[in-house]
Structures are given as C-alpha cells and as structure tokens.
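S.K.: What shape does this take:
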Amino acid sequence: MSSSERADLGRALCVITGASRGFGRTTAIEMSRLVKPGSVLVLVARSADDLRSLQAELAESDAGKAGLLVKCVVADLAQMEGPESVVSASKEVFSEDLDHIILVNNAASLGDVSRFAKSFTNMAEVDSYLSFNVSSSLCLTASILQAFPQRPGLQRTVINVTSLCALKPFCSWVLYCTGKAAREMMFRVLAEEEPDLRVLNYSPGPLDTDMQLVARSRTGDPSLRKTFSDMFTGGRLLTCEASCVKLMKLLLEDTYTSGAHVDVFDL
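M.R.: Numbers count the residues shown, from 1 in each chain. Here you go, the predicted model:
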C-alpha cells in the first residue's frame with residue numbers, strides 16, 4: 001500500500017447498477033469488504049432472484065455480520081420509473097453519518113451485434129437501446145447528485161464502467177460502441193462541470209462473462225468473432241475478480257484525473 005492510499009472507502013452509500021451478475025455483482029462483493037461498518041449497498045438490477053441471492057451472500061459475509069445494510073431495487077432503468085425508484089430507495093437508507101456517496105454505472109447491454117450499421121433503420125429499436133444504455137445513466141447520475149448535494153465532509157464518486165469500444169470502432173458493434181462513446185463523453189463533461197466530484201471512466205477489459213459468450217457466438221463480423229473466440233480458448237479473458245481488484249485499488253489511491261479513461265491494462 002502506498003503512503004497516500006487509504007485503508008477503506010469510508011462509511012459509504014454505494015449504488016451499483018447491473019448488480020445481479022458479472023462485473024456488477026463482483027463490484028458489490030469487493031466494495032462490501034472495503035466500506036466501514038454502517039455502510040449501505042443499494043443493488044439495482046432487473047432480476048429479483050439474482051439480487052436476493054447476492055443479498056443473502058452479503059448478509060453472511062464478514063461485512064454483513066458487521067452491520068452492512070444491503071437494499072435491493074428491482075428496476076428497469078430504461079423506464080422513467082427505474083431511476084426514480086433507485087433514488088427513492090437511496091434516500092430511504094441514507095443517514096447523515098455517511099461520508100461517501102459512490103455510484104457505479106455498470107448496467108449495460110450489448111445490443112444486436114449480429115448486424116451491421118446499415119441494417120439499423122428502425123428508430124424505435126435504436127432509441128430503446130440508447131434509452132437503457134445512455135439516457136438512464138445520465139438521468140440516474142443527475143438524480144443522485146441532486147438528492148445528495150455536495151457538503152463539507154461528504155465525498156461523492158461516480159464510476160462509469162466503460163470499454164475500449166468507447167474509443168475504437170468495432171465492426172457490427174455499432175450500438176455498443178455508440179452507447180459507450182456517448183456515456184464516456186457524458187461523464188467527461190460531468191467531471192469538467194463538477195470539480196468537487198470524483199469521476200472515473202473505468203474499462204475493466206475483456207471479461208469472462210455471459211456478454212463475452214454472446215460476443216464470440218453472435219458477432220456479425222467474422223474477424224472480430226474469431227478474435228473473441230481466440231481470447232476465450234487462449235485463456236486471455238480476465239476474471240471479474242481480477243479486474244475489480246484493480247478498480248478498488250484505483251478508488252483507494254484516489255489519484256486518477258477526474259473524468260479520465262483508465263483501462264485495466266494500464267494498471
């Protein structure tokens with residue numbers, strides 16, 4: 001541990017979207033180990049069963065036994081009521097002795113990667129994708145910031161789980177690349193506007209998740225599909241745990257430039 005690295009994330013309210021599986025689930029588990037007793041985790045996803053399973057696991061953990069409160073919010077963030085329900089639940093469990101608000105914008109979908117850009121003529125299909133992957137993230141972030149304004153003694157951190165696809169075009173991934181690029185710019189603007197806010201665009205790398213399974217089986221571009229398959233068969237995918245440990249180290253060190261894109265392979 002470096003001399004500047006702190007030992008924990010404080011007594012925190014952590015809101016994590018897409019928390020039922022994959023990187024979001026792992027983030028919830030890792031954060032639970034780094035927050036002080038009395039902290040609260042608000043876990044958001046569409047799957048009630050998966051959220052309850054994670055809640056039960058956390059209740060049995062050392063953090064759970066030490067008083068960590070875990071609240072589940074079953075919500076579709078693509079609908080207007082989704083972000084509203086998350087904010088409402090967060091207000092219910094917030095107490096004045098909390099000293100850190102952490103929002104992890106992890107929820108995302110891959111979109112139809114079997115098709116190329118020229119096939120997307122249906123505006124409703126594109127709007128639906130962007131509503132879940134871009135609009136909901138901005139509206140939830142803005143609502144959380146309004147609900148918990150800056151005050152002395154309160155740190156606020158917003159994390160956007162991003163991707164190399166925010167920076168580089170991938171053939172047949174037009175929706176995903178567009179969504180990630182838009183989200184990343186959104187958080188870069190936020191960092192410029194809110195100097196007291198800590199904003200991080202974290203790219204967790206190629207993870208061994210259900211999304212990667214879809215990528216290597218359904219990607220329309222044959223060269224890209226082969227790349228993903230070779231990464232899997234060659235054992236070059238990262239575990240969610242390995243990537244998440246690096247994210248936690250970034251948060252503890254707290255020396256990144258606000259709004260920066262930080263890739264797991266840069267660490």
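S.K.: Next, Ile144: secondary structure please.
M.R.: helix (DSSP: H, G, I helix; E, B strand; the rest coil).
S.K.: give me phi/psi at Val174?
M.R.: phi -60, psi -40 (degrees, to the nearest 10).
S.K.: Excluding chain neighbours, what is closest to it?
M.R.: Ala117 (4.2 Å; C-beta to C-beta, 6 or more residues apart in numbering). C-beta: built from backbone N, CA, C; applies to glycine.
S.K.: go on, Arg218?
M.R.: Ser114 (5.0 Å).
S.K.: how much space between the one you found and Leu224?
M.R.: Counting by C-beta to C-beta, to the nearest Å, the gap from Ser114 to Leu224 is 12 Å.
S.K.: now Ser109
M.R.: 18 Å.
S.K.: likewise Asp196?
M.R.: 41 Å.
S.K.: Of the two, which one has the most company?
M.R.: Leu224 (17 against 10; other C-beta atoms under 10 Å).
S.K.: follow-up on the earlier one: shared neighbours, Ser114 and Leu224?
M.R.: Shared contacts of Ser114 and Leu224, defined by C-beta atoms under 8 Å, 6 or more residues apart in numbering, are found at Ser172.
S.K.: What is the helix or strand of the chain with the lowest mean pLDDT packed up against?
M.R.: Lowest by mean pLDDT, DSSP states H and E among the helices and strands of the chain is helix 62-65, with a mean of 91. Applying 3 or more C-beta pairs under 8 Å, 6 or more residues apart in numbering; DSSP states H and E, one finds that helix 62-65 makes contact with helix 22-34.
S.K.: Could you pull out the helices in the stretch 1-150 of the chain for me?
M.R.: With helices called from DSSP state H, counting those that start in this stretch, the stretch 1-150 of the chain shows them at 22-34, 48-60, 62-65, 81-93, 123-130, 136-147.
S.K.: what's the angle from the fourth one to helix 136-147?
M.R.: Going back to what we said before, that points to helix 81-93. On the basis of axes from the mean of the first three to the mean of the last three C-alpha atoms, to 10 degrees, helix 81-93 is oriented at 30 degrees to helix 136-147.
S.K.: Helix 81-93: which residues count as buried?
M.R.: 82-83, 85-87, 89-90 (16 or more other C-beta atoms under 10 Å).
S.K.: Save those as CSV, and put in distance to Leu54 and pLDDT too.
M.R.: Shown next, in CSV, are these (distance: C-beta to C-beta, whole Å; pLDDT from 0 to 100):
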residue, distance to Leu54, pLDDT
Gly82, 19, 96
Pro83, 21, 96
Ser85, 18, 98
Val86, 16, 98
Val87, 21, 98
Ala89, 15, 98
Ser90, 17, 98
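S.K.: and the two most separated of those?
M.R.: Distance extremes for these: the farthest pair is Gly82 and Ser90 at 13.0 Å, using C-beta to C-beta.
S.K.: quick one on the thing from earlier: for the helices of the stretch 1-150 of the chain, which one ends up most surrounded?
M.R.: Mean neighbours per residue, mean count of other C-beta atoms under 10 Å, is largest over the helices of the stretch 1-150 of the chain for helix 22-34, with a mean of 22.
S.K.: To which secondary structure element is Ser229 assigned?
M.R.: In the assignment (DSSP states H and E), Ser229 maps to helix 222-233.
S.K.: The helix or strand that that helix is followed by: which residues count as buried?
M.R.: Where DSSP H and E defines the elements, the next helix or strand beyond helix 222-233 is helix 240-253. Buried residues in helix 240-253, counted by 16+ other C-beta under 10 Å: 240, 243-244, 246-247, 250-252.
S.K.: That concludes my questions; thank you for your assistance.
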